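>>> using only what follows, build the 3D model:
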Amino acid sequence: MRQKLFFGGLIVSFALSAIGHFAHWDMTLQFIISAIAVVFVAGFLGKATESVAHYAGQRLGGFLNATFGNAAELIIAIFLVKEGLFDTVKASITGSIIGNLLLVLGLSLLAGGIKFKQQFFNNQLAEHNATLMIMAVIGLFVPAVFVGAEHFTLNKDHFLSITVACILIVSYLLWLVFSMITHKDVLADKEMNADHGEEPAWSKGVSIILLIVATVMVAFVSEWLVHTLDSFSEKFGLSELFVGAFVIAIIGNAAEHSAAVMLAMKNKIGAAIEIAIGSSLQIALFVAPVLILLSTFFGDTMDIIFTPIELTAIGVAVFIAKSVSRDGTTNWYEGFLLLMVYVILGVAFYLV
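I've put the predicted structure just below:
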């Protein structure tokens, strides 16, 4: 019954979003309908990914969930880059990183910690994740400081941005080789390989097809949502920073929200952390650099220079997430602390 209601909501919201876009309905109404449709489609994406994960294994499944969960944000960002809305893109990248590290991880630890007094995951994986998070901060922090202090020309700015982007992409790809191939056994969690007797929602072939269908649906709804952003922001007096960092990020993170929290409540905290932290790392080390490289093909290179506010938010999120996850154990109170930091940042961003 619940599944029927979900798919009913998915079909209705997607259809209304399409009609609203092509019939040129009121922009605010279009935004609301498209935002609801993105949440349903992202949930569909999460279900399809979780089903594929059953056949691929939990570690690879967590990676797939993070990857396809980020598809909504990546596609939204590509359309924003194409429109030249670089400030909104950077704000959405910031929001995605802090949203995953604070909101998704916080909800997962809180929900899992309420059901289980203490949860455990691979300590070595936690240490590597912490190092990678610091690497991401360095990759975003250094260009901002040097360009701001030395007043680089536009050519130097773009050269530095493209160079750092390439380095971050290589670092991320080698991390996948390290964690998925050469040191797979060392970083594996025992509970991440257990399915607890659960049956997948669909067969392997159907799961893959539905994963592709969900990604295509995300692409369409994302374009319709981006089309409404300017009017929505102006009407409600919201800054590009707040819309990008919180509104788009929360909507785009819907798939990770549902999957990570459900896994944590099944005592698969390692898989939940793989989704939350892995998604943030993917955004910082892969998605953001790829957007910079893609922008060059659209004729106007987006730099990697984030504002002091954005860098502060990312640095704070990385610091608290690193502190919480470094010992390989979690509880509900750590999840609560992450959520409180997210609320503090949300209020600060709203007032900008």
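
>>> just how off-centre is stretch 32-49 within its chain?
How far stretch 32-49 lies from its chain's middle: 14 Å, per C-alpha atoms, centre = their mean, to the nearest Å.

>>> could you check how far L293 is from S231?
Per C-beta to C-beta, to the nearest Å, L293 is found 30 Å from S231. For glycine as for every other residue, the C-beta is placed from the backbone atoms N, C-alpha and C.

>>> also K268?
For K268, the distance to S231 (C-beta to C-beta) stands at 42 Å.

>>> which one's more surrounded, those two?
Higher neighbour count among K268 and S231: K268, with 28 against 14, using other C-beta atoms under 10 Å.

>>> backbone phi and psi for the more buried one, please?
phi -100, psi 60 (degrees, to the nearest 10).

>>> please apply the same query to D303.
phi -80, psi 170.

>>> tell me where the stretch 251-352 of the chain has helices.
For the stretch 251-352 of the chain, applying DSSP state H, counting those that start in this stretch gives helices covering 254-265, 269-282, 288-297, 308-325, 332-350.

>>> now the last one, how far from the centre of its chain.
Taking C-alpha atoms, centre = their mean, one finds helix 332-350 lying 17 Å from the centre of the chain it belongs to.

>>> report the mean per-residue pLDDT for that helix.
On average, the pLDDT along helix 332-350 is 91.

>>> so for that helix, what gets flagged as buried?
Across helix 332-350, burial judged by 16 or more other C-beta atoms under 10 Å covers W332, E334, G335, L337, L338, L339, V341, Y342, L345, G346, F349.

>>> now do the same contact list for the fourth one.
Think L337. By C-beta atoms under 8 Å, 6 or more residues apart in numbering, the contact list for L337 reads G106, I320, V324.

>>> now with 10 Å, please.
The contact partners of L337, taken as C-beta atoms under 10 Å, 6 or more residues apart in numbering, are L102, G106, L109, L110, I320, S323, V324.

>>> verify the stated contact: L291 with V81.
Yes. If you go by C-beta atoms under 10 Å, L291 and V81 touch, sitting 5.6 Å apart.

>>> which neighbours do the two share?
By C-beta under 10 Å, 6+ apart, the residues touching both L291 and V81 are V89, M302.

>>> what about these two, which has more around it?
More crowded of L291 and V81, by other C-beta under 10 Å: L291, with 23 against 20.

>>> can you give me the end-to-end distance of stretch 75-94?
16 Å (C-alpha to C-alpha, to the nearest Å).

>>> list the buried residues for it?
Those would be 75-82, 85-94, for stretch 75-94 by 16+ other C-beta under 10 Å.

>>> equivalent analysis for stretch 172-184, please.
Y172, W175, S179.

>>> narrow the residues you listed to those in helices?
Y172, W175 (DSSP state H).

>>> take the buried residues of stretch 172-184 and write them to CSV, including pLDDT and distance to H151.
Output for the buried residues of stretch 172-184, formatted as CSV (pLDDT from 0 to 100; distance: C-beta to C-beta, whole Å):
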residue, pLDDT, distance to H151
Y172, 92, 30
W175, 90, 34
S179, 85, 39
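
>>> nearest to A126 among the buried residues of stretch 172-184?
Minimum distance to A126 across those is 12.5 Å, recorded for S179 (C-beta to C-beta).

>>> quick one, what contacts the residue nearest to the closest one when sequence neighbours are not counted?
Distances taken as C-beta to C-beta, 6 or more residues apart in numbering place L187 nearest to S179, at 5.4 Å, with adjacent residues excluded. L187 sits next to 59, 122, 124-129, 178-180, 270, 274 when contact means C-beta under 10 Å, 6+ apart.

>>> measure L187 to G278 for me?
Taking C-beta to C-beta, one finds L187 at 12 Å from G278.

>>> wait, E310 sits on I97?
Yes. In terms of C-beta under 10 Å, E310 counts as a neighbour of I97; the distance is 9.3 Å.

>>> tell me which of the two has more neighbours.
Between E310 and I97, counting by other C-beta under 10 Å, I97 is the more crowded of the two (30 against 24).

>>> state the pLDDT value of that one.
At I97, pLDDT is 89.

>>> same check on N123?
You'll see N123 listed with a pLDDT of 76.

>>> for the one 3 residues further on, same thing?
The predicted local confidence for A126 comes out at a pLDDT of 76.

>>> again with the one 4 residues further on
Confidence at A130, expressed as pLDDT, is 82.

>>> what's the answer for A72, then?
For A72, pLDDT reads 66.

>>> ok, back up a step: export the contacts of L187 to a markdown table and tack on distance to I19?
Formatted as a markdown table, the contacts of L187 follow (distance: C-beta to C-beta, whole Å):
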| residue | distance to I19 |
| --- | --- |
| R59 | 41 |
| N122 | 48 |
| Q124 | 51 |
| L125 | 46 |
| A126 | 47 |
| E127 | 50 |
| H128 | 47 |
| N129 | 43 |
| F178 | 47 |
| S179 | 44 |
| M180 | 42 |
| G270 | 43 |
| E274 | 38 |
